[in-house]
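In: model the structure of this input:
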Amino acid sequence: MLVVRQAVVGPFAANCWVAACSRTKEAVLIDPGGELPRILGLIEQGDFQVRRIFLTHGHVDHAAGAAEAKRRLGAPIQIHAADKEWLAQLPRQAEMFGFEGGGEVPEVDHWHVHGESFTVGEQTAQVLHTPGHTRGSCALWFPGPRLVFTGDTLFSGSVGRTDLPGGDFGELQRSITAVLFPLGDDARFHCGHGPSGLVGDERRSNPFVGEDARRGRFV
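Out: Here you go, the predicted model:
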């Protein structure tokens with residue numbers, strides 16, 4: 001079984017996730033965006049052993065705590081190479097958006113690509129490249145429990161913004177309709193901000209990329 005724990009962190013209320021194998025206690029830490037003591041508390045309560053740190057993209061609200069998390073946990077960091085520039089600009093991002101102490105650029109251990117997979121204990125996870133919010137945005141799909149962590153690509157009733165450098169709404173739409181929706185209506189998604197949901201609900205009624213929107217009927 002995959003155990004999922006959540007902490008809402010930072011001034012932008014970003015979701016940080018811990019996904020762990022219930023039997024082995026091995027875990028992946030997804031988007032440590034700050035307030036690391038709270039995140040470490042989740043890990044310690046479950047007696048989880050974080051084996052890697054997965055960044056869905058390089059925006060400060062999702063990566064501000066990555067360098068410190070790596071030091072404290074001894075776990076490697078991975079992200080898509082297309083977001084390398086966003087990580088390099090973390091100090092500037094932190095200064096602009098008021099992330100106190102969150103401007104350290106983390107050392108990346110692995111640049112992941114679409115389709116590669118790794119294990120979290122007895123669970124298998126697959127990287128899905130979902131550009132649009134940023135060029136390097138990626139989701140993390142667990143086919144066994146049918147869970148996907150979407151970062152800021154897909155939200156419950158919304159989608160990620162595309163007005164920042166590297167954003168592209170056409171790419172975002174393609175990522176959602178061609179990569180995330182085919183995961184299946186029963187797949188549950190955990191996103192970068194706000195509540196979780198079911199992929200099928202978004203396929204049918206998301207006002208930006210759902211069936212009604214694509215037919216031109218915004219409701």
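In: so who does the residue nearest to the spatial centre of the chain touch?
Out: Nearest to the geometric centre of the chain sits Gly151, at 3.1 Å (Cα atoms, centre = their mean). Residues near Gly151 by Cβ atoms under 8 Å, 6 or more residues apart in numbering: 31, 56-57, 62, 130, 133, 137-139, 160, 191-192. From N, CA and C alone the C-beta is placed, and that goes for glycine too.
In: give the buried residues for the lengthiest helix in the chain.
Out: Counting residues, the longest helix in the chain under DSSP state H turns out to be helix 36-46. The neighbour-count check on helix 36-46 (16 or more other Cβ atoms under 10 Å) flags 36, 39-40, 42-43 as buried.
In: okay, the angle between the next helix-or-strand element following it and helix 36-46?
Out: As assigned by DSSP states H and E, the chain's next helix or strand after helix 36-46 is strand 49-54. Orientation check (axes from the mean of the first three to the mean of the last three Cα atoms, to 10 degrees): strand 49-54 against helix 36-46 gives 140 degrees.
In: pLDDT wise, what is the closest residue to Ala88 other than its chain neighbours at?
Out: Among residues not flanking Ala88 along the chain, Val105 sits closest, at 6.2 Å (Cβ to Cβ, 6 or more residues apart in numbering). If you check Val105, the pLDDT there is 95.
In: would you agree Val105 is in contact with Ala94?
Out: No - shown here, Val105 and Ala94 do not form a contact pair, counting by Cβ atoms under 8 Å, at 10.2 Å.
In: who has more neighbours, those two?
Out: A count of neighbours by other Cβ atoms under 10 Å puts Ala94 above the other of Val105 and Ala94, at 20 against 14.
In: does that one belong to a helix, a strand or coil?
Out: helix (DSSP: H, G, I helix; E, B strand; the rest coil).
In: not counting its neighbours along the chain, what's nearest it?
Out: Gly103 (3.5 Å).
In: residue ranges with poor pLDDT in the chain?
Out: Within the chain, the segments meeting pLDDT under 70 span 100-102, 214-219.
In: let's see 90
Out: Low-confidence regions of the chain, defined by pLDDT under 90, span residues 94-103, 212-219.
In: now do the SS call for the residue lying closest to His129 once chain neighbours are set aside.
Out: Of all residues not flanking His129 in the chain, His114 sits nearest, at 3.6 Å (Cβ to Cβ, 6+ apart). What three-state DSSP gives for His114 is coil.
In: neighbours of His114, just the number please.
Out: Residues near His114, counting by other Cβ under 10 Å, number 14.
In: hang on, isn't it packed against Leu128?
Out: Yes - with contact defined as Cβ under 8 Å, His114 counts as touching Leu128 (6.3 Å).
In: so what sits against both of the two?
Out: By Cβ under 8 Å, 6+ apart, the residues touching both His114 and Leu128 are Cys138.
In: quick one, helices of the chain?
Out: 36-46, 60-63, 66-73, 84-88, 90-97, 169-175, 199-205, 211-214.
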